[in-house]
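Trainee: this is the structure alone, sequence omitted:
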Ligand code: SF4
């Protein structure tokens, strides 16, 4: 996954090539973009090609199985390019960043001598110093996996709005204090930290002034947000959303990823009161069994989760939910798995991420006895997947013939086609003449959904004239590259689950 090229002012012209490979979640995509912002004043411009880059950064993720092995194999592929560049008299600096770097920094340094810099998610604002240190001499290595006392965000340059983007991510919270027994985030991202509300609002206003219409607030545990408010009080996520909703020109607000335990009364009320807060919520539950939830240290029961969902749906009846599930957690019995299926059946999801449990070194669950046999995990995963897929298909099919507001985001792959998003993050394809795209991108228009393919919807504008009179391509052609995402929010925004 590549960070997008920015268009904001850069104080120095591009003289060096920067290649960043981003693994994993949207928080990492955000971090990669910010790294590019930090490096732009040093003359680094983003390149699509690692082969002759001056600086390669692998921004890693520890959520997936065998995450470290994937990093080592990418490092192996880079080595000959680094050598060739050196033979030509140049230098390719190779850096490993992100959660694998944080967790396994020393080992990376020992196993991969081609690596010049290893740094964690909390220190990339120090990139200029790290580069200058490593440039002093070939062989000078930098390992920076501190949790520094200074606030990273205070040392980052202003985020540059990416050309033509009408949606943006904004990190408001990082880290986690929950310590679920299967998760590395508390160890790699550190303790919970919330950015001050005034800073978030200022950044949001700037994004909107630059053309952004939809902001997704990011955090590993985003609804644990408790930032200092401009009124001297601590603000929760509900209060923050209310203030964001007052920004003229901002059409949509989303947030991800939430923990059920941190869904408070004010946030539930906010879902009922704020029209700009989209009726689409990712609320991971992981399991429907109280026994497994306790073993996971999730700090809530299945009944409490159901109660939260009931309250959210009372506040916002059109709310659609997505979730994360882990099957085959150590000790999971047939009955525990049946409880999960029952919960899924009762709640009804619009999409989900689902995984077989896999050990994460250093987490409590990794050393638990009663690891579930892989064949059992696979069978359970397949059963759960069928149920969740059928729910998602039903949810998408229920959109047909409905009128939905669609935020128009960008041209489609085909001529005279625009792609937007429904409130539920489904890609929506419209036949709109190219000549009208510039005027329409960034607007929200009511559309009648006429059909679907995979996970993509297609639609026609409700009001005459929005499509333009020369629209002749009404063949419901959907760009298949934009369909097939298991969940709408993992579609072409490249999002994987963050955490919580
Ligand atoms: S799964 Fe989420 S809530 Fe649990 S420890 Fe990881 S980041 Fe924290």
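Mentor: Received it, and whenever you're ready, just let me know what you need. Just so you know, these numbers come straight off a predicted model, no measurement behind them.
Trainee: hey, let's count contacts and neighbours off CA atoms from now on
Mentor: OK.
Trainee: what's the neighbour count on residue 427?
Mentor: By the other C-alpha atoms under 10 Å criterion, the neighbourhood of residue 427 contains 27 residues.
Trainee: can we start the residue count at 6 from this point?
Mentor: In the new count, where the first residue is 6, that last one comes out as residue 432.
Trainee: for residue 185, which non-adjacent residue is closest in space?
Mentor: In space, and not counting its chain neighbours, residue 185 is closest to residue 302: 5.0 Å by C-alpha to C-alpha, 6 or more residues apart in numbering.
Trainee: most proximal residue of the chain with respect to the ligand?
Mentor: Residue nearest to the ligand within the chain (C-alpha to the nearest ligand atom): residue 505, separated by 2.3 Å.
Trainee: next up, the contacts around that residue.
Mentor: Residue 505 sits next to 225, 226, 262, 263, 264, 289 when contact means C-alpha atoms under 8 Å, 6 or more residues apart in numbering.
Trainee: now swap in residue 386 and tell me
Mentor: Residues in contact with residue 386 (C-alpha under 8 Å, 6+ apart) are 332, 359, 360, 361.
Trainee: turn those residues into a markdown table, including pLDDT and neighbour count.
Mentor: Listed next are these as a markdown table, based on pLDDT from 0 to 100; neighbours: other C-alpha atoms under 10 Å:
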| residue | pLDDT | neighbour count |
| --- | --- | --- |
| 332 | 96 | 25 |
| 359 | 92 | 18 |
| 360 | 91 | 20 |
| 361 | 93 | 20 |
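Trainee: one step back: tell me the SS of the residue nearest to residue 185?
Mentor: Following DSSP: H, G, I helix; E, B strand; the rest coil, the label given to residue 302 is coil.
Trainee: same check, this time on residue 210
Mentor: Three-state secondary structure (criterion: three-state DSSP) places residue 210 in helix.
Trainee: same question, residue 342
Mentor: Three-state assignment for residue 342 (three-state DSSP): helix.
Trainee: can you tell me how far residue 434 sits from residue 147?
Mentor: With distances defined as C-alpha to C-alpha, to the nearest Å, the gap from residue 434 to residue 147 amounts to 47 Å.
Trainee: compare those two and say which is more crowded by neighbours.
Mentor: It is residue 434, of residue 434 and residue 147, that has more neighbours when counted by other C-alpha under 10 Å, with 28 against 18.
Trainee: now for the more buried one: which residues touch it?
Mentor: Applying C-alpha under 8 Å, 6+ apart, one finds that residue 434 lies in contact with 417, 422, 423, 424, 425, 461, 462, 463, 464, 483.
Trainee: show me which of those are buried.
Mentor: Listed as buried from the contacts of residue 434 are 417, 422, 423, 424, 425, 461, 462, 463, 464, 483; burial here means 16 or more other C-alpha atoms under 10 Å.
Trainee: excluding chain neighbours, what is closest to residue 292?
Mentor: If the residues on either side of it in the chain are set aside, residue 292 comes closest to residue 345, at 5.3 Å by C-alpha to C-alpha, 6+ apart.
Trainee: swap in residue 203?
Mentor: Taking C-alpha to C-alpha, 6+ apart as the measure, residue 203 lies nearest to residue 235, with 5.8 Å between them; neighbours along the chain are not counted.
Trainee: quick check, pLDDT for the one you found.
Mentor: The confidence metric pLDDT takes the value 95 at residue 235.
Trainee: and it, its phi and psi?
Mentor: Summarising the backbone geometry of residue 235 under the convention degrees, to the nearest 10, its torsions are phi -70, psi -20.
Trainee: where's it relative to residue 200, distance?
Mentor: Summarising the geometry, the distance separating residue 235 from residue 200, computed by C-alpha to C-alpha, is 12 Å.
Trainee: no more questions from me, cheers.
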